[in-house]
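Engineer: Any chance you can model this:
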Amino acid sequence: MGRLRLHPISIPHRELIGLMIVILLLAASAQALPKSNYSWTESPWVSDGAGEDEKMATELSAPLAFNPEDAETPSLNIGSHLLNFSELVSLPFSCQLWIRNDLQWSHYLKAIQGEDVDIIIYMPEYGEVDVYLISYASGTRDRWSFNLLEGYHLLRLRAEEEGRYFMIAARKSEPGNALILDLVAKSDNASVSPLDVRTIPTGRAMVTIESERIKGYDVYLDGVFYSSDVGDGSIDGVASFTLRADKTHTISISQRDVQGNIINKSEHTKRFKRDMAYTLLIE
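Structural biologist: Next up, the predicted model:
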């Protein structure tokens, strides 16, 4: 039986040089891809709250648009019924309000006075909406007006006075559903049931994200949409927010292109201490 002989493949000199150039260009381009470096800094932080003898005003943040199907799958608590988010029916003519507590949306919440409460508002189409907050205890009324695009928007409410609040939104003189919020005093631990232990105040920490390269990103806290680069009104790569301290949180940063594809995403898990300011620098 004859032996099998392997003959070397002959590549012309010019084509071999061209192949080597292509390989070198690909290697150079791979090395040129941006590599993100992350660094944390921290320093003592003092909030801008009023003095103990001065009554702090009720505050409602500017709205941030988001898509709840992007990173979170909330459940809906309506009375004693727990529904999947896919079962939500949005009326074509009315706005809707929800209170968000982690991954559950409801129309009622018992919370600690002075703590941030996440409010979700749904707009069936672009237009102006008026949001009213009525305090049953003091009889005071607050009103905010926004021009919002169609879809879901996140707002943060901070009320300092103990008692029951009612919130309602109206669009084109058509009122939506009402929310009920019961605020209990920080020192009144007896008013908080064992199931509400996570609502006991643990203090706040300030977080600032800065990046010269990544802009127009969204921020998710523990898997839930929480803030955005555009939250301060400009796309400048800077996002600032407060969060509950003395806890470990995972902050996710997600940037999309014009087609909605994720082009930059990173996660940062860290324990945050109360009354501290943290800066996450992304190069």
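Engineer: Can you name the residues bridging to residue 262?
Structural biologist: residue 256 (DSSP bridges).
Engineer: Report the contact partners of it.
Structural biologist: Listed by CB atoms under 8 Å, 6 or more residues apart in numbering, the contact partners of residue 262 are 254-256. For every residue, glycine as well, the C-beta is placed using N, CA and C.
Engineer: Out of the residues you listed, which is nearest to residue 157?
Structural biologist: Nearest to residue 157 among the contacts of residue 262, counting by CB to CB, is residue 254 at 24.9 Å.
Engineer: Provide the secondary structure category for that closest one.
Structural biologist: Under DSSP: H, G, I helix; E, B strand; the rest coil, the three-state class of residue 254 is strand.
Engineer: Return the residues in contact with it.
Structural biologist: 70-71, 217-218, 220, 262, 264-265.
Engineer: again, only using 6 Å
Structural biologist: By CB atoms under 6 Å, 6 or more residues apart in numbering, the contact list for residue 254 reads 218, 262, 265.
Engineer: how far away is it from residue 177?
Structural biologist: According to CB to CB, to the nearest Å, residue 254 and residue 177 sit 30 Å apart.
Engineer: same question, residue 126
Structural biologist: With CB to CB as the criterion, residue 126 and residue 177 are 20 Å apart.
Engineer: Those two: which is more packed in?
Structural biologist: In this view residue 126 and residue 177 are compared by other CB atoms under 10 Å, and residue 177 has more residues nearby, 15 against 10.
Engineer: could you say which helix or strand contains the more buried one?
Structural biologist: strand 174-184 (DSSP states H and E).
Engineer: can you tell me which residue is nearest the centre of this structure?
Structural biologist: Centroid-nearest residue in the chain: residue 226, 1.2 Å away (criterion: CA atoms, centre = their mean).
Engineer: State the three-state secondary structure for it.
Structural biologist: Assignment for residue 226 (three-state DSSP): strand.
Engineer: Quick check, it in contact with residue 218.
Structural biologist: No - at 8.6 Å, residue 226 does not count as touching residue 218 under the criterion of CB atoms under 6 Å.
Engineer: Any stretches of the stretch 1-150 of the chain with poor pLDDT?
Structural biologist: 1-36, 47-57, 71 (pLDDT under 70).
Engineer: mind listing the strands in it by residue range?
Structural biologist: All strands of the stretch 1-150 of the chain, identified by DSSP state E, counting those that start in this stretch, fall at 38-44, 59-60, 64-66, 75-78, 81-84, 96-101, 104-106, 108-112, 117-123, 127-135, 141-148.
Engineer: Helix or strand: which one has residue 239?
Structural biologist: strand 238-244.
Engineer: Give me the angle between that strand and strand 224-228.
Structural biologist: 140 degrees (axes from the mean of the first three to the mean of the last three CA atoms, to 10 degrees).
Engineer: which residues sit against strand 238-244?
Structural biologist: 202, 204-210, 219, 227, 229, 231.
Engineer: Now the two most distant members of those residues.
Structural biologist: 202 and 229 (27.0 Å).
Engineer: so residue 103 sits right up against residue 68, yeah?
Structural biologist: No - if you go by CB under 6 Å, residue 103 and residue 68 don't touch, sitting 9.9 Å apart.
Engineer: Have a look at those two and say which one is more surrounded.
Structural biologist: Ranked by neighbour count (other CB under 10 Å), residue 103 and residue 68 place residue 68 first, with 21 against 14.
Engineer: separation between that one and residue 279?
Structural biologist: Distance from residue 68 to residue 279, by CB to CB: 29 Å.
Engineer: Could you do residue 115 as well?
Structural biologist: Applying CB to CB to residue 115 and residue 279 gives a distance of 24 Å.
Engineer: Now stretch 257-276 - C-alpha only, CSV.
Structural biologist: Output of stretch 257-276 as CSV, limited to C-alpha atoms (Å, rounded to 0.1, in the frame of the first residue of the first chain):
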residue,chain,number,x,y,z
ASP,A,257,-28.8,52.8,20.4
VAL,A,258,-31.5,54.5,18.3
GLN,A,259,-32.9,51.0,17.4
GLY,A,260,-33.3,50.1,21.1
ASN,A,261,-30.4,47.6,21.2
ILE,A,262,-28.2,47.5,24.3
ILE,A,263,-24.7,48.7,23.4
ASN,A,264,-23.4,49.2,26.9
LYS,A,265,-24.3,47.5,30.1
SER,A,266,-22.6,47.0,33.4
GLU,A,267,-23.6,46.0,37.0
HIS,A,268,-22.0,47.2,40.2
THR,A,269,-22.9,45.6,43.6
LYS,A,270,-21.9,47.5,46.7
ARG,A,271,-23.0,48.1,50.3
PHE,A,272,-24.0,51.7,50.9
LYS,A,273,-23.7,53.4,54.3
ARG,A,274,-26.0,56.0,55.5
ASP,A,275,-25.1,59.7,55.2
MET,A,276,-22.4,58.9,52.7
